[in-house]
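Q: what's the 3D shape of this:
(4 chains)
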Number of protein chains: 2
Amino acid sequence: MTRIDDVARAAGVSTATVSRALRGLPMVSESTRRRVLDAATRLGYSASPSASRLAGGRTGGVAVVVPRITRWFFSTVVEAAEESLHEAGYDVLLFNLGGSEQARLKLLHTGALRQRADAVMLISMPLLAEDFAAVSQLELPGVTVSSGTPVPGWPSIRIDDVGAARKAMDHLIGLGHTRIARICGESSDELAFTTHVDRRRGYLEALTRAGITPDPALEVEGSLDLAGGAAATEQLLARDAGFTAIFATCDEAAMGALTTLRRHGLRVPEDVSLVGIDDHDLAPAIGLTTVAQPAAEQGRRAVQTLLAPAAPQRDVLLPTHLTVRESTAAPARTLDG
Amino acid sequence: MTRIDDVARAAGVSTATVSRALRGLPMVSESTRRRVLDAATRLGYSASPSASRLAGGRTGGVAVVVPRITRWFFSTVVEAAEESLHEAGYDVLLFNLGGSEQARLKLLHTGALRQRADAVMLISMPLLAEDFAAVSQLELPGVTVSSGTPVPGWPSIRIDDVGAARKAMDHLIGLGHTRIARICGESSDELAFTTHVDRRRGYLEALTRAGITPDPALEVEGSLDLAGGAAATEQLLARDAGFTAIFATCDEAAMGALTTLRRHGLRVPEDVSLVGIDDHDLAPAIGLTTVAQPAAEQGRRAVQTLLAPAAPQRDVLLPTHLTVRESTAAPARTLDG
DNA sequence: CTGAAAGCGCTTACAG
DNA sequence: CTGAAAGCGCTTACAG
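A: Presented below is the predicted three-dimensional model:
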């Protein structure tokens, strides 16, 4: 390992000057800087992160926290954020909570994070009342993505969830559907994760505006993934409430619904229309109509906001748009359960 | 921030003893250890990673390198590896190469990695001849997952790709297919990434064993993802070579094929049978027949092997199995192009 | 614009 | 089993 002293000696300057020159600080003459850069390159020098961190107080890392990296939205946000962060010279520390309450507590309620990251990016993290205190004690800059419970003082990047849900619903209503089920999203959850609450609100608002009375029998809660969508649809069918369309809170839930419908011999869209939110990579493969949200863009904007020197925009809402494919059609016959 | 001195003072011992006690080293009496632990807990102390790293020489991090975190296999491996690594007390440094040659070079051919990680996990990383030298100069322990080009001295975790491809093919052949196309996998690639080469070999072997002469017109190269599968299938149809089944090198390519087939009004399996390799989360949603591989298990085993104190098994082959769903059936009519 | 020196907060021989 | 002291490799005031 070549150290800073080696470079200093080779360039004929002090270590302080090497440090300044390499980090591009002002107060170094161009000729000196060039000599230092040359020596560093020649010796293949790169500063020890541990030493820099200890001496400088910065860790050079950003913690990226997701519920489940295996889900489309999260992996897409992380991929975009990772690229931006590495470009800016940061290490990316990945934390995949995986639904483990223990992992969540350890991360949030421990000094661990503050000592390993310069900033935090919380993606779709529901926070409890006591978490807010812990998060501010981190004394770290942060940003939330797609989080309905923004942290005071942190900017947030997200979409208008009420509006996105309304777009999906208006499409179904426009096709003539009146018995529209809603699956997934734990809106009764004490975490009050507004993504779920907002999408449900959009669902209810669209119905009401169209003069359709919401029917609680058409709503089934469940987790926002394949299994959740499959199970919710199973329940829905068991209720025999009569529906011609399903509004799934996200595309993966819609795909889960598809699995269950397929198992019951129901065709989409002939028997049931199906719409989601996301525009998952695989949505085209299954012809899923959905409301597209810019996931990668949210990751990039989050990093940008985090690293912005000036006062960043505090609450960024990115646009969504309806993408019609083959999973929706006019109802063939209305099953009034 | 409470530091080690604070704990030492509170416990009435030296910092050396605090250090030993907290890290569970021997040579500390039980009573002393207890006192130190108490003090540390009371003060909410946790050691500064930067300082530990600088003094101890360990970084406490493991670099996890993937081509694209948005693809099923990679996110699934990473999720499992992340859990195991955090359990073992390591930080997870994520590197998503995203096909950027620049990112790849920077990572492999720079001292950067050695100074930030104690070990490296390379997932499906094709390596060039010059990369091997760079990787060994890292002087870091490592492991490869699903990599056909194992690094000398590093253990590798993977599946038998030849065998997996044969299982898929034998299923199609057993159904009566003789005109079976193969899509995706750049086997001519100079990287000689054996995953592709091996799966192709399985394809050819299965044909030959069944007495079917391979037809080059039925093979289309392409990237192992949705877009690649869609484009390859488009090409395949344009060739008009006559086929009744498609063997896709991975499930995402199969899903891409599905998109194209759908666009051309072809039904699966009535017009074309389709089989992949992976058992992607969404395979059930689209009824895809596939050869399942244990992705999460590969992530866990990789970490286990990396952290194993004793001599680890050098080359671990995990089992695969055919999972029949609705995308395959006997050919209705053979289109002999 | 540049350098000498202290200090960041730990761990690790070395003694005892 | 425990402690005093050096050292890990940088960065940062402080001087000049």
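
Q: When you work out contacts or count neighbours from here on, use the C-alpha atoms and nothing else.
A: Will do.

Q: And DNA strand D, is stretch A:61-76 touching that?
A: No - applying C-alpha under 7 Å from any atom of the strand, one finds stretch A:61-76 out of contact with DNA strand D, separated by at least 14.2 Å.

Q: In this structure residue A:180 contacts residue A:246, no?
A: Yes - in terms of C-alpha atoms under 8 Å, residue A:180 counts as a neighbour of residue A:246; the distance is 5.6 Å.

Q: Output stretch A:84-96 as PDB, nothing but the C-alphas.
A: Extracted in PDB, the C-alpha atoms of stretch A:84-96 (Å, rounded to 0.1, in the frame of the first residue of the first chain):
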ATOM      1  CA  SER A  84     -25.700   8.800  -8.900                       C
ATOM      2  CA  LEU A  85     -24.000   8.200  -5.500                       C
ATOM      3  CA  HIS A  86     -21.000   6.400  -7.000                       C
ATOM      4  CA  GLU A  87     -20.700   9.100  -9.600                       C
ATOM      5  CA  ALA A  88     -20.500  11.600  -6.700                       C
ATOM      6  CA  GLY A  89     -17.900   9.500  -5.000                       C
ATOM      7  CA  TYR A  90     -19.900   8.000  -2.300                       C
ATOM      8  CA  ASP A  91     -20.100   4.400  -1.100                       C
ATOM      9  CA  VAL A  92     -23.500   2.900  -1.000                       C
ATOM     10  CA  LEU A  93     -24.400   1.000   2.100                       C
ATOM     11  CA  LEU A  94     -27.400  -1.200   1.500                       C
ATOM     12  CA  PHE A  95     -29.900  -2.000   4.200                       C
ATOM     13  CA  ASN A  96     -32.700  -4.300   3.200                       C
END
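
Q: How about it and chain B, touching?
A: Yes - if you take C-alpha under 8 Å from any C-alpha of the partner chain as the test, stretch A:84-96 does meet chain B, through A:91, A:92, A:93, A:94, A:95, A:96.

Q: Next: stretch A:277-287.
A: Yes - using C-alpha under 8 Å from any C-alpha, stretch A:277-287 comes into contact with chain B via A:281, A:282, A:284, A:285, A:286, A:287.

Q: Quick check: the second one vs residue B:330, distance?
A: The gap separating residue A:282 from residue B:330 is 26 Å, by C-alpha to C-alpha, to the nearest Å.

Q: repeat for the fourth one
A: Note on residue A:285: its distance to residue B:330, by C-alpha to C-alpha, is 23 Å.

Q: Could you check which of these two has the larger neighbour count?
A: residue A:285 (22 against 19; other C-alpha atoms under 10 Å in any protein chain shown).

Q: Help me confirm that that one is found in a strand?
A: No - membership of residue A:285 in a strand is not supported by DSSP: H, G, I helix; E, B strand; the rest coil, which gives helix.

Q: Contact partners for it?
A: Going by C-alpha atoms under 8 Å, 6 or more residues apart in numbering or on different chains, residue A:285 touches B:255, B:256, B:258, B:259.

Q: What's the per-residue pLDDT of residue A:334 here?
A: For residue A:334, the model assigns a pLDDT of 50.

Q: For the helix or strand encompassing residue A:275, give me every contacting residue.
A: In this assignment (DSSP states H and E), residue A:275 forms part of strand A:273-278. Residues outside strand A:273-278 that contact it (C-alpha under 8 Å, 6+ apart): A:73, A:164-165, A:168, A:172, A:244-251, A:253-254, A:268, A:288-294, A:327-331.

Q: and that strand, what's its mean pLDDT?
A: 97.

Q: Quick check: which element contains the closest residue to residue A:125 other than its chain neighbours?
A: Distances taken as C-alpha to C-alpha, 6 or more residues apart in numbering or on different chains put residue A:147 closest to residue A:125, at 6.0 Å, once the chain neighbours are dropped. Assigned by DSSP H and E, residue A:147 falls within no helix or strand.

Q: quick one: stretch A:30-46 near DNA strand D?
A: Yes - for stretch A:30-46, a contact with DNA strand D is found by C-alpha under 7 Å from any atom of the strand, at residue A:46.

Q: same check, this time on stretch A:83-98
A: No - Stretch A:83-98 stays clear of DNA strand D (C-alpha under 7 Å from any atom of the strand), getting no nearer than 12.9 Å.

Q: what does the average pLDDT come to for that stretch?
A: Rounded mean pLDDT across stretch A:83-98 is 93.

Q: Okay, buried residues for it please.
A: For stretch A:83-98, a neighbour-count test (16 or more other C-alpha atoms under 10 Å in any protein chain shown) marks A:83-86, A:90-98 as buried.

Q: Spell out which residues of the stretch 201-337 of chain A are next to chain B.
A: So far as C-alpha under 8 Å from any C-alpha goes, the stretch 201-337 of chain A lies against chain B at A:226, A:255-256, A:258-260, A:262, A:281-282, A:284-287.

Q: Which positions in chain A make contact with DNA strand D?
A: A:1-5, A:15-20, A:23, A:46-48, A:51-57.

Q: List only those of those residues flagged as buried.
A: A:4, A:15, A:17, A:18, A:19, A:46, A:47, A:48, A:51, A:52, A:53, A:54.

Q: Break chain A down into its structural domains.
A: Per automatic domain parsing, the structural domains of chain A span A:4-47, A:61-158+A:296-316, A:161-294.

Q: next one: the first one to chain centre, how far?
A: Relative to its chain's centre, domain A:4-47 lies at 40 Å (C-alpha atoms, centre = their mean, to the nearest Å).

Q: Please see if it touches chain B.
A: Yes - on the criterion C-alpha under 8 Å from any C-alpha, domain A:4-47 is in touch with chain B at A:44, A:45, A:46.

Q: how about JSON lines for the residues you listed, with pLDDT added?
A: Converted to JSON lines, the residues of domain A:4-47 next to chain B look like this (pLDDT from 0 to 100):
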{"residue": "A:44", "pLDDT": "87"}
{"residue": "A:45", "pLDDT": "89"}
{"residue": "A:46", "pLDDT": "88"}
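
Q: Share the number of residues neighbouring residue A:245, please.
A: 28.

Q: how about the nearest residue to it, chain neighbours excluded?
A: residue A:273 (4.4 Å).

Q: same thing with residue A:222?
A: That would be residue A:184: by C-alpha to C-alpha, 6+ apart, it lies 4.1 Å from residue A:222.

Q: Please verify my assumption that that neighbour contacts residue A:253.
A: Yes - the criterion here is C-alpha under 8 Å, and residue A:184 meets it with residue A:253 at 6.8 Å.

Q: Tell me the residues that contact both of those two, please.
A: Common neighbours of residue A:184 and residue A:253 (C-alpha under 8 Å, 6+ apart) are A:223, A:224, A:228, A:229.

Q: Which ones among the residues you listed lie within helices?
A: A:228, A:229 (DSSP state H).

Q: Residue A:120 belongs to a strand?
A: Yes - assessed with three-state DSSP, residue A:120 lies in a strand.

Q: how much space between residue A:128 and chain B?
A: With the distance defined as C-alpha to the nearest C-alpha, to the nearest Å, residue A:128 ends up 21 Å from chain B.

Q: Ok, residue A:155 next?
A: For residue A:155, the distance to chain B - C-alpha to the nearest C-alpha - is 24 Å.

Q: Please verify my assumption that that residue contacts residue A:314.
A: Yes - using C-alpha under 8 Å, residue A:155 is in contact with residue A:314, at 4.3 Å.

Q: between the two, which one's more packed in?
A: Per other C-alpha under 10 Å, whichever of residue A:155 and residue A:314 has more neighbours is residue A:155, with 21 against 15.

Q: mind listing what the more buried one touches?
A: A:142, A:143, A:144, A:305, A:306, A:312, A:313, A:314, A:315, A:316.

Q: Report the beta-bridge partner residues of the second one.
A: Just to be clear, that refers to residue A:143. residue A:121 (DSSP bridges).

Q: Next, count neighbours for it.
A: The number of residues near residue A:143, taken as other C-alpha under 10 Å, comes to 26.

Q: which of residue A:184 and residue A:253 has more neighbours?
A: Taking other C-alpha under 10 Å, residue A:184 and residue A:253 do not tie; residue A:253 has more neighbours (30 against 26).

Q: On the secondary structure side, give me the element for whatever residue of the stretch 51-200 of chain A ends up closest to DNA strand C.
A: Using C-alpha to the nearest atom of the strand, residue A:55 is the residue of the stretch 51-200 of chain A that sits closest to DNA strand C, at 3.2 Å. Taking DSSP H and E as the criterion, residue A:55 maps to helix A:49-56.

Q: Good, we can wrap up now.
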